[in-house]
Structure formats: structure tokens, C-alpha cells
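>>> I'd like to go over a predicted model; first the sequence, then the structure.
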Amino acid sequence: MGIIKVKKFVTKPNRLFSSFIFSSIIIYLFVIIFNLPSLKIFAQNPEWILYGSGKNILSLVSEDNFLWIGSRNGLSKLNILTNEVIFYNKSNSGLPDNNVISIAIDKLGNKWIGTKSGLAKFDGTTWTIYNTSNSGLPENRVNAVAIDNSGNKWIGTYGGLAKFDGVNWTVYNTTNSGLPDNIITRIAIDSSGNKWIGINFGLVKFDDVNWYVYDYRNSGLPGSIYSIAIDNSGNIWIGTSEGLTRYDYLYWPLYVPEYNRRINAIAIDNSGDIWVGADRSFLKFDGKNFTSFINTLEYYRKVYDKFVTSSSFSVITAVAIDKYGNKWIGMDGGGLLKYDGVNFTYYNITNSELPYDEVHAITIDKLGNKWIGTYYGGLAKFDGTNWTVYNTVNSLLSDNDINSIIVDAEGTLWIASYGGGIIKFDGINWRVFNEANSPLNCTDIYAITKDKSGNIWCGVTGKLLKFDGTNWTNYNIPLSELFESRQIKVVTIDNSGNIWIGTFYGGFAKFDGTNWTIYESSYLNLSYNQINAIVIDNSDNKWIGTNGAGLAKFDGTTWTIYNTSNSGLPNNIVKAVAIDNSGNKWIGTYGGLAKFDGVKWTVYNSSNSKLPNNSVLALAIDSSGNKWIGTYQGLVVYREGGVILTDVNENKNQIVPPNYLLSQNYPNPFNPTTRIKYSVPKTSFVNITVYDILGREITTLVDEEKTPGNYEVEFNVSNLPSGVYFYRMQAGSYSETKKMVLMK
């Protein structure tokens, strides 16, 4: 459905329509009904959409038939009976941050959610945010939340411990209490109301009067604390870096699993069994012995055929037990599993199948498919509806760290990977180029591009290589004091066929096929000479993203430097640059996303927008003007006025129409919805606007560039008065007007 932009009524009729409309008034006057409700302002598509992997889980809480899941992509509510999932993140809720570190539920069912940007209360409808600017919260990062029998919220932050009774805040820190450290990592409350507080290197008990500190010097506590749970007998179970320990107010026995010492999560069932999440194993402890139920790394590799790159990405971070006795296991990098006593089941608890949250590369093919390269997660294809993931398990990808992706004229993908060489994929067949079958002298490839003749260019250490589909040509990079490092980070080709390359710590150079021109670092004022991005605009200007010196514009003669001291650039580390159809530069930095129109800077970051993370690593802009943004915390789509997403499969077999065409709306007359079809024979800027019978502009249905194809837009006017309306399409020199009747 198209985007509907509602505009204010203008005071003067549109003169182009005056005579035509006047003659129509008499004919259709009988259908006009006056004094009906005013025009409704229709909701726009969201301007921001976030896609996350859902694999980086930080917290789990069970509530009746629901499981609440906190991850680095937001909050998810899973109905454990129907498997229905509701997703909450910065783009569709009042959640202040997508990093949901802790969750607690009070007696009224309110969810208290600890994030990196403050504490959120969610009653199922309304979000209330508490942070350092509007409350007594001592620090915005909330690591732990616990609720006592009186309903007080105890909140652990990086700035101390806070108590919130619903009105008043009390803060405890190293200056006014017995806390030896202000970094609070865990909180549990026993049946007597004692607060057991995990700090960096110890355990603190607070009985509302006295503070008791336990560490390796005065107790049997063996190491750093990662989890705390309390059983029905009042024993304190503590997960540490050295194993599982129990404190019964006298002794500190230590229980060490065979393979995994670090205990990250503890849950206790009704039988008193302790269920433990370790770095790579899910275990049960019956008071004497550990029983291992799963090795997460092996499970994903062999049992579920899900890709996990290394043991660090299968760390169990949270365990919860629901009222049916099912054990829920959350992993940082591995997602969510349920153990019902017999089987393990994997759950996708996010809105996508993005294989990993850190997105390093994005490209868009002619059909509109988005190809997304991730860090250690492989390659994903997204057609607007469906996701397809390729990794070392199900394809010939030899490594899952994707640095760069391009698409050639035939629609074939060329993929540069870290450790896997260059991979060619035509949608069916895979071909890998590495040290064994090509001149590549290493398999760590960062840069790849194509020229107008279809040749593939890539850079390795000391070499610029050209591949024509059969033969490789090697162009040695000259040694120079100004070009010390010859590892190529980025390759771009201008309209004249010159190759522009940026390196790791070696600066910037041009190769015209014969000669090299190396540019001194003093031009860019580079501290490390590292180039992250090169993009060339329609005027042949080179826009160069550096690793600490900001953004440089080079017109072939003059250098213009933009950095935090002389422009609106939010950070001097520029990782990605893209240019839209209007010539605006979109710049991905470690301080957020910046738009530069040549004069004005507009900055989007995690504080003033729905951007989940300020580190922008990759950018691409599609034909609808959507900005596809790769960050450390997932894939983001942004478009001013609302994101336009369509399933590209709908248009794969579409015949390009020979002419512009605006069809009659159907149904006609209508109430309250009608649809309008139109055709575009070539890429054009299309405007379709609706007017009332007096020529006053009602709304704009389409106002954007369209690629060749047949389209359809919906007009929903439930609160407009009955009468005659007109819709006009303009595209290039084409203009057509048709009338429609709303009859209630």
C-alpha cells in the first residue's frame, strides 16, 4: 500500500482544474453530502524499522503462560502455548534502549525493564521511563532489578544501588553505605527481605540497616559473581567464575562442573534441583552431582543445524523455568531454547532471521533483494518478506565473516570474506577463489568492486588484482614511504575507469591502469592513514571516510575536510558513505548517522532517533529511498515520511509496461476504500495527488521515484464526506486526471 501524506487545505482552487471541475459540480452535486466529519489523518508507515537476530539474549522471566525475553534487540513476549511472539524495540514502542539487560515483574503485572539507557516500566499499554535526567536513578545502565514484598524496586546500576518505592528514590553508593563498589551486577531478595547484591568481586548482604561484605579474603567466595538465586531453604546459590557455590550462613562449598567453571545463570525448580547455564553447557545439579543435558556449541552444529562460530557465541546467559516445568535457555549469540524434559526446541524470538547482529556489508540487486553480510553469521538475503541465510553449514561459504558484497550485471554476487577468500554465487552455484586456485596471497579480503566491462577488482596485501572471469591480472602496489601498508581496505572505480584504493595505515591512491598516484597523509591529516570508505558522486568528487580524521572530499585538485571541529559530523571515525538520488551524503560513523546536503548537517543517533546503536558500519539506499543501515545491534531501515517495503518476489516476472498509464479506480463508486493502478515504463519520479470537487488538494498518494513496473495504491477515506473527487498522476511529461465518487 502506498504512503499517504495528508496536506492542509489550500485557500485557492487549482486553476488547472477550475473549469473542468465546475462543469462536474452540476453533474455530481446530488451525491455531495455536507457537514460530515472532517478528514482523518491517516497513519504513516513507520520511519524506522529494526531487524535483529534475536540470538543475543540477556535476560529471561516467566509469567503465567508468557515468557519475557530481553536481548540486545529489544524485548519479546512469547506465548508459550501458542508460540505467538510480540516484539518491542525502540522503533515500535517506548523502550528507551534495545539492550534489555534485566526484567522484573511486580504483583500488579507491571514489567520493570533495565536497559543501557535507563529503567522502563511497562503496564501492557503505557511506557514510563526513568533515567538520570528525570528521576533519582544514579546511572542509566541498569544491570539488575528486584522487587521486595513491599513493592519497592531495587535497582543495580553502574553508579550504585537505588531503591524506588514508586515516589521516592534512595541511592546507596560507596560514599554513604557499606557498598565497597558502585558497579552492581546482580540482586536477589530472600524471604526475610535481605538484599543479596553482586558486585564486581564480591557479594553484599543488606538487611535495610547493616551491610555485610563477602569476598575471597573473608569467605569461601572463590571469584567474580555472575548469578545469584535463593532456594526454599534460604540457601544462597552463587554462580562464579570458578564454579557454583552455596552459602548456608556457615559454609561455602564449591561445586565445579567438569568442563565449564563459569556459571552465568541459575534457576531452581520445585524439586530443589539447580539448573545451571555455563559458558557452553546446560546442566542440572542435584546437590551432589552435575548432569549435562546439552553442549550448546555441539547442539547447534550437529543437532539443530544452526551455525555457531565459536564457543563464545554459545554462552548461556539466562535460564528460566515456567509453570509447566519447561526450562528456557537464553544464549548470547545462540538464541532461545526450550527443554521440556525430553527434547530441545529452538525459538526465533525476533522479527527477522538475520544471522548475526553485527552487519558489515549491504548491497541491493536489480530485483530489490537486500544482501547482508554479517560478522561471524554469514550472508543473508532479504526480499522484503522472506529471509534466506547462507553460511558454512549450508553453502560453500568458507568463512562467515563477510566484509564486502557486490552484484554484477548478470545478478551474480561477489563476496569478500575474512578468512574465506572471494566467493562467487549466481543464486545456484558457488565458486570459491583462494590461495590454492588464484593469485590471492591471503584469504582475508576486505575490498571488491567491478568495472563497466564486468571485470572484478579486489585488493590483497601488496597487490591489486583484476579478474575477467577467466584470467587474473596482478598489479603490484609500489613501495613508498608514504604508502607503508599495502593491505587494501576499499576499492572504488570512477567514471573514467580509474581505480581508487584505500588501505590499512597506508593512505589513499589512484591507479589509472598504468600509473600510480599516492596521496600524502598530510592532505587528509590522517593519524593512522586508514581509509574505510570511498564513494564517488555524479560530479566525480571522491568522498573518503577515514578512521579518525573525519570525512574528506577530493575533487581531483582540492581537499575539503569535515570533522567534529568544523562541521556537524558526529564522530571522526567514518565507516560508510552513501549518496541518495538528491545528492545528499549519508555518512555512517561511530557517533551515529549523518546526512549532509552540502550545507546542512542532520545527525541521527541513539538519543534522538530510533537508531539502536551509534556505530554505523554499512549503508545502502534502495530505489524507494529507504536507507539500509548496518550497526553493531542489527539492521535498520530508515526513510523520511515512512519506510516503503515490498516483497520483490511480486515483481520478478513483471513485464515492463510500454507507456505511462493511470487506470480508473476500482471499485467506483466506493466506500470507504478504493484502489488505483498505474504503470511506469522507465525510472521516473511519480506524483499522484487527490483533489476535492473545488480543486483543493486533499492528499498525496505517491510522491517518489519509481522503477519500471505496474503499481497499485490504496485510497482509504472513511471520514471524508460523500462526493466527487479527482486524482492526477504526473510523471515526467505525462499527466492524467480521473474522477472518482465516494458514496456513503
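Cool, the structure landed. The model shown is predicted, which means the values in this text are computed figures rather than measured ones.

>>> If you count neighbours, what's buried in stretch 214-232?
Neighbour-count burial for stretch 214-232 flags 214-215, 219, 221-231 (criterion: 16 or more other Cβ atoms under 10 Å). No exception for glycine: its C-beta is placed from N, CA and C like everyone else's.

>>> Quick check: mean pLDDT of the helix or strand hosting residue 371?
According to DSSP states H and E, residue 371 maps onto strand 370-374. On average, the pLDDT along strand 370-374 is 96.

>>> how much distance is there from it to the middle of the chain?
Chain-centre distance of strand 370-374: 12 Å, with Cα atoms, centre = their mean, to the nearest Å.

>>> most centrally placed residue in the protein?
Nearest to the mean C-alpha position of the chain, by Cα atoms, centre = their mean, lies residue 634 at 2.4 Å.

>>> what's the burial count for residue 472?
Residue 472 is flanked by 15 other residues according to other Cβ atoms under 10 Å.

>>> Settle this for me: it is touching residue 460, isn't it.
No: using Cβ atoms under 8 Å, residue 472 makes no contact with residue 460, being 11.2 Å away.

>>> now the stretch 601-744 of the chain, which segments are flagged as low pLDDT?
Applying pLDDT under 70 to the stretch 601-744 of the chain flags residues 647-656.

>>> Pass me the low-pLDDT residue ranges in this structure, would you?
In the chain, residues with pLDDT under 70: 1-44, 296-314, 479-486, 520-529, 647-656.

>>> 50 instead?
Along the chain, segments meeting pLDDT under 50 span 1-44, 301-312, 481-482, 651-654.

>>> Please, where are all the helices along the protein?
15-28, 296-298, 521-524 (DSSP state H).

>>> What's the local residue count around residue 369?
Counted with other Cβ under 10 Å, the neighbours of residue 369 add up to 23.

>>> All the strands of the stretch 251-400 of the chain, residue numbers only.
254-255, 263-268, 274-278, 281-285, 290-295, 315-321, 327-332, 335-339, 344-347, 359-364, 370-374, 379-382, 387-390 (DSSP state E, counting those that start in this stretch).

>>> For the residue nearest to residue 156 when sequence neighbours are not counted, which residues are in contact?
Distances taken as Cβ to Cβ, 6 or more residues apart in numbering place residue 184 nearest to residue 156, at 3.0 Å, with adjacent residues excluded. Residues near residue 184 by Cβ atoms under 8 Å, 6 or more residues apart in numbering: 143-144, 156-158, 160-161, 197-199.

>>> Could you spell out the sheet neighbours of the strand holding residue 371, each with its direction?
According to DSSP bridges, strand 370-374 forms sheet pairs with strand 359-364 (antiparallel), strand 379-382 (antiparallel).

>>> Any chance of those strands in CSV with distance to residue 552 and mean neighbour count as columns?
Output for the strands paired with strand 370-374, formatted as CSV (distance: least, Cβ to Cβ, whole Å; neighbours: other Cβ atoms under 10 Å):
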stretch, distance to residue 552, mean neighbour count
strand 359-364, 22, 23
strand 379-382, 31, 23
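
>>> From residue 143, how far out is the nearest residue to residue 578 once chain neighbours are set aside?
The shortest distance from residue 578 to any non-neighbouring residue, by Cβ to Cβ, 6+ apart, is to residue 619 (4.0 Å). Distance of residue 619 to residue 143, given as Cβ to Cβ, to the nearest Å: 32 Å.

>>> Please apply the same query to residue 448.
For residue 448 relative to residue 143 (Cβ to Cβ), the value is 42 Å.

>>> neighbour count winner among those two?
Ranked by neighbour count (other Cβ under 10 Å), residue 448 and residue 143 place residue 448 first, with 24 against 20.

>>> Residues in a beta bridge with that one, which ones?
Here residue 448, judged by DSSP bridges, has bridge partners residue 458.

>>> related to what we said a few turns ago, Throw the strands paired with strand 370-374 into a markdown table and include distance to residue 341, thanks.
Output for the strands paired with strand 370-374, formatted as a markdown table (distance: least, Cβ to Cβ, whole Å):
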| stretch | distance to residue 341 |
| --- | --- |
| strand 359-364 | 38 |
| strand 379-382 | 34 |
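
>>> among those strands, which is nearest residue 72?
strand 359-364 (13.0 Å; Cβ to Cβ).

>>> The buried residues of stretch 214-232 in strands, which ones?
Assignment to strands by DSSP state E places the following of the buried residues of stretch 214-232 there: 214, 225-230.

>>> show me what contacts the nearest residue to residue 533 once chain neighbours are set aside?
Closest residue to residue 533 apart from its sequence neighbours, by Cβ to Cβ, 6+ apart: residue 545 at 3.5 Å. Applying Cβ under 8 Å, 6+ apart to residue 545 gives the contacts 531-534, 551, 574-577, 587-588.

>>> how close does residue 545 sit to residue 190?
When residue 545 is compared with residue 190 (using Cβ to Cβ), they lie 54 Å apart.

>>> do the same with residue 500
In terms of Cβ to Cβ, residue 500 sits 65 Å off from residue 190.

>>> Who has more neighbours out of those two?
residue 500 (23 against 16).

>>> so what's the more buried one bridging to?
On the basis of DSSP bridges, residue 500 is bridged to residue 492, residue 510.

>>> Assess the claim that it and residue 507 are in contact.
No: Residue 500 lies out of contact with residue 507 (Cβ under 8 Å); the separation is 11.7 Å.

>>> How about the contacts made by the nearest residue to residue 461 once chain neighbours are set aside?
Residue nearest to residue 461 in three dimensions, not counting chain neighbours: residue 487, with 4.8 Å by Cβ to Cβ, 6+ apart. For residue 487, the contact set (Cβ under 8 Å, 6+ apart) comprises 446, 459-461, 503-506.

>>> Try it again at 6 Å.
Contacts for residue 487 (Cβ atoms under 6 Å, 6 or more residues apart in numbering) come out as 461, 503-504.

>>> Are any of those residues buried, and if so which?
Buried, going by 16+ other Cβ under 10 Å: 503-504, out of the contacts of residue 487.

>>> Check the contact between residue 205 and residue 214; I expect there is one.
No: checked against Cβ atoms under 6 Å, the pair residue 205 and residue 214 is beyond contact range at 7.4 Å.

>>> show me the contacts for the residue lying closest to residue 439 once chain neighbours are set aside.
In space, and not counting its chain neighbours, residue 439 is closest to residue 472: 4.9 Å by Cβ to Cβ, 6+ apart. When contacts are counted by Cβ under 6 Å, 6+ apart, residue 472 is found next to 438-439, 465.

>>> do you know how far residue 693 is from residue 723?
6 Å.

>>> With residue 331 instead?
To residue 723, residue 331 is 59 Å away according to Cβ to Cβ.

>>> Of these two, which one has the most company?
Neighbours around residue 331 and residue 723, counted as other Cβ under 10 Å, are more numerous at residue 331. The numbers are 25 against 21.

>>> possible to save the strands of the stretch 251-400 of the chain as JSON lines with distance to residue 130?
Formatted as JSON lines, the strands of the stretch 251-400 of the chain follow (distance: least, Cβ to Cβ, whole Å):
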{"stretch": "strand 254-255", "distance to residue 130": "38"}
{"stretch": "strand 263-268", "distance to residue 130": "26"}
{"stretch": "strand 274-278", "distance to residue 130": "29"}
{"stretch": "strand 281-285", "distance to residue 130": "34"}
{"stretch": "strand 290-295", "distance to residue 130": "38"}
{"stretch": "strand 315-321", "distance to residue 130": "23"}
{"stretch": "strand 327-332", "distance to residue 130": "25"}
{"stretch": "strand 335-339", "distance to residue 130": "28"}
{"stretch": "strand 344-347", "distance to residue 130": "30"}
{"stretch": "strand 359-364", "distance to residue 130": "31"}
{"stretch": "strand 370-374", "distance to residue 130": "34"}
{"stretch": "strand 379-382", "distance to residue 130": "36"}
{"stretch": "strand 387-390", "distance to residue 130": "36"}
